[in-house]
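A.B. asks: Below is the sequence, then the predicted model.
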Amino acid sequence: MSAQNELEFKGYAMTDPSAWSTLSVTSFQPKTFGPDDVEIAITHCGVCGSDLHTLTGGWGQSHLPLVVGHEIVGKVTRVGANVKSLKAGDRAGVGAQVGSCLECRACNDNYENYCPKMIHTYNHEYADGVITQGGYATGIRVHERFVFPIPDAVESRHAASMLCAGVTVYSPLKEYGAGPGKKVGVIGIGGLGHYAILFAKAMGAEVYAFTRGTAKAEDAKKMGADHCIDTTVDGYWKGLGMTFDILISTVDKFPAGVSIREFLGMLYVHGKFISVGLPDVDQPLPAIHPFDVMNNGSLVGGSHIGSKEDMLEMLALAAEKGVKPWIQELPMKDAGKALEGVQAGKVRYRYVLQQDIAPVA
Ligand SMILES: [Zn+2]
Ligand SMILES: [Zn+2]
């Protein structure tokens, strides 16, 4: 093994799940560098709800110590012999996926984000047993397929959170035809929802923002929403029957007693209700009745992050249309504070951490 393969990265790691927001600088060994790999010195990492669910144990137990973070941007420091799309010095990003089998039907159809053998960016395991570690760290090594060049027109701090939150809504918007003449409803205006408004508008759709209360209505309009609907108002759905081509639900957890049946009734014929929120394992979607999807032939579905194709298109659209997320920047040492802000619903609308462990050349 060469000296470079023994390189250690450092990251802000959880070592004790009972103190999940206390992250301390810990060294770890990255995956063995292969000929298809790209090594990145991380400059920025967004803070995703997934980081919170993972650290707090909502999705099961974690490998310890654990570094989370999967909205990663940095500078390429090294590429393997087979790598063609990137070179040292380029800006590049990594999202929530770092591996797949690369040979199944899904992988061959550019749906590698649905590969049954997908490998998550952190708290997952490579075939050789190495545990994946995320982006609250100095560096990462990833197969080229899961590394994305960042266009010059998109700043690193803006690109970071696009790589999970952005693509998670961009992918279903694209798949289900958001564009001119289409009506898109966005349910829940948080990190994902704010991106759904930005990208649906950039794609040319008419956008409705659904929020509980009016606190975020002004923001949603500034993001580009054409209409804002307060879902705490009785009968808010009246007059909107058979309206939407796509409803993107970014709701992480529907409050007790809240129904999604009214949303299904607002879909146009064959309209799609797509859930991209991912609650803890014990929190299912509210129940629906077959009548709710029969009257308009509507469909209820889900979507999971995005493919490389989706990523490259999204970044190109962001560059072309000047899409800029609403972010709050913090030094990486404040990751715990940021995570607590996400948990408390205080974030407007995404935290992005800046590298502070290692100077990046
Ligand atoms: Zn994420
Ligand atoms: Zn596959």
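C.D. replies: Structure received. Note that the structure is predicted; figures quoted are calculated from it, not measured. Ligands and ions are numbered 1, 2, ... in the order given.
A.B. asks: Nearest residue to the closest residue to ligand 2 within the stretch 151-300 of the chain in space, ignoring adjacent ones along the chain?
C.D. replies: Nearest residue of the stretch 151-300 of the chain to ligand 2: residue 171, at 16.8 Å (C-beta to the ion). Just so you know, the C-beta spots here come from the backbone N, C-alpha and C atoms, and that holds for glycine as well. Closest residue in space to residue 171, ignoring its immediate chain neighbours: residue 306 at 3.7 Å, by C-beta to C-beta, 6 or more residues apart in numbering.
A.B. asks: on that earlier part again, wasn't the residue of the stretch 151-300 of the chain closest to ligand 2 part of a helix?
C.D. replies: Yes: in this structure, residue 171 lies within a helix as judged by DSSP: H, G, I helix; E, B strand; the rest coil.
A.B. asks: what does stretch 194-206 contact?
C.D. replies: The set of residues external to stretch 194-206 that reach it, using C-beta atoms under 8 Å, 6 or more residues apart in numbering, is 161-162, 165-166, 168-170, 173-174, 178-180, 182-184, 186, 189, 207, 209, 219-220, 223-226, 245-246, 248, 250, 314, 317-318, 321, 323-326, 349-350.
A.B. asks: Give me the buried positions along it.
C.D. replies: Neighbour-count burial for stretch 194-206 flags 194, 195, 196, 197, 198, 199, 200, 201, 202, 203, 205, 206 (criterion: 16 or more other C-beta atoms under 10 Å).
A.B. asks: if I read this right, residue 14 contacts residue 62, doesn't it?
C.D. replies: Yes: under the contact definition of C-beta atoms under 8 Å, residue 14 touches residue 62, with a separation of 6.9 Å.
A.B. asks: neighbour count winner among the two?
C.D. replies: When neighbours are counted by other C-beta atoms under 10 Å, residue 14 and residue 62 differ, and residue 14 comes out ahead with 27 against 18.
A.B. asks: where does that one land on pLDDT?
C.D. replies: As summarised for this prediction, residue 14 has a pLDDT of 97.
A.B. asks: Pairing partners for it in the sheet, please.
C.D. replies: Beta bridges link residue 14 to residue 23, residue 66 when assigned by DSSP bridges.
A.B. asks: residue contacts, it?
C.D. replies: The neighbours of residue 14, taking C-beta under 8 Å, 6+ apart as the test, are 20, 22, 23, 55, 62, 64, 65, 66, 67, 68.
A.B. asks: How much space separates residue 93 from residue 48?
C.D. replies: 13 Å (C-beta to C-beta, to the nearest Å).
A.B. asks: Of all the residues in the stretch 51-200 of the chain, which one is nearest ligand 1?
C.D. replies: As assessed by C-beta to the ion, ligand 1 sits closest to residue 164 within the stretch 51-200 of the chain, at 3.2 Å.
A.B. asks: which residue packs closest to residue 27, ignoring adjacent ones?
C.D. replies: Leaving aside its chain neighbours, residue 27 sits nearest to residue 8 (4.6 Å; criterion: C-beta to C-beta, 6+ apart).
A.B. asks: Give me the neighbour count for the one you found.
C.D. replies: Burial of residue 8, expressed as a neighbour count using other C-beta under 10 Å, amounts to 11.
A.B. asks: still on that earlier bit, now render the contacts of residue 14 as TSV, adding pLDDT and distance to ligand 2.
C.D. replies: Rendered in TSV, the data for those read as follows (pLDDT from 0 to 100; distance: C-beta to the ion, whole Å):
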residue	pLDDT	distance to ligand 2
20	96	32
22	97	37
23	97	32
55	96	28
62	92	25
64	95	29
65	96	29
66	97	25
67	98	25
68	98	24
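A.B. asks: Just give me the neighbour total for residue 241.
C.D. replies: Neighbours of residue 241 (other C-beta under 10 Å): 14.
A.B. asks: quick revisit: need the overlap of contacts for residue 93 and residue 48.
C.D. replies: residue 71.
A.B. asks: Which of the contacts of stretch 194-206 fall within strands?
C.D. replies: Secondary structure assignment by DSSP state E places 183, 184, 186, 207, 209, 245, 246, 248, 350 of those in strands.
A.B. asks: residues contacting the first one?
C.D. replies: I take that to be residue 183. When contacts are counted by C-beta under 8 Å, 6+ apart, residue 183 touches 205, 206, 208, 243, 244, 245, 246, 268.
A.B. asks: Just list whatever residues bridge to it.
C.D. replies: Partner residues in beta bridges with residue 183, using DSSP bridges, are residue 206.
A.B. asks: confidence score at residue 259?
C.D. replies: With respect to pLDDT, residue 259 has a value of 89.
A.B. asks: Now for the residue nearest to it when sequence neighbours are not counted, how many residues are close by?
C.D. replies: Using C-beta to C-beta, 6+ apart and skipping the chain neighbours, the partner closest in space to residue 259 is residue 286 (5.4 Å). Applying other C-beta under 10 Å, we find 14 residues neighbouring residue 286.
A.B. asks: How about residue 257?
C.D. replies: By other C-beta under 10 Å, the residues close to residue 257 number 6.
A.B. asks: can I assume it sits in a strand?
C.D. replies: No: the assignment for residue 257, made by three-state DSSP, is coil rather than a strand.
A.B. asks: For residue 213, give its distance to residue 11.
C.D. replies: Relative to residue 11, residue 213 is positioned 37 Å away (criterion: C-beta to C-beta).
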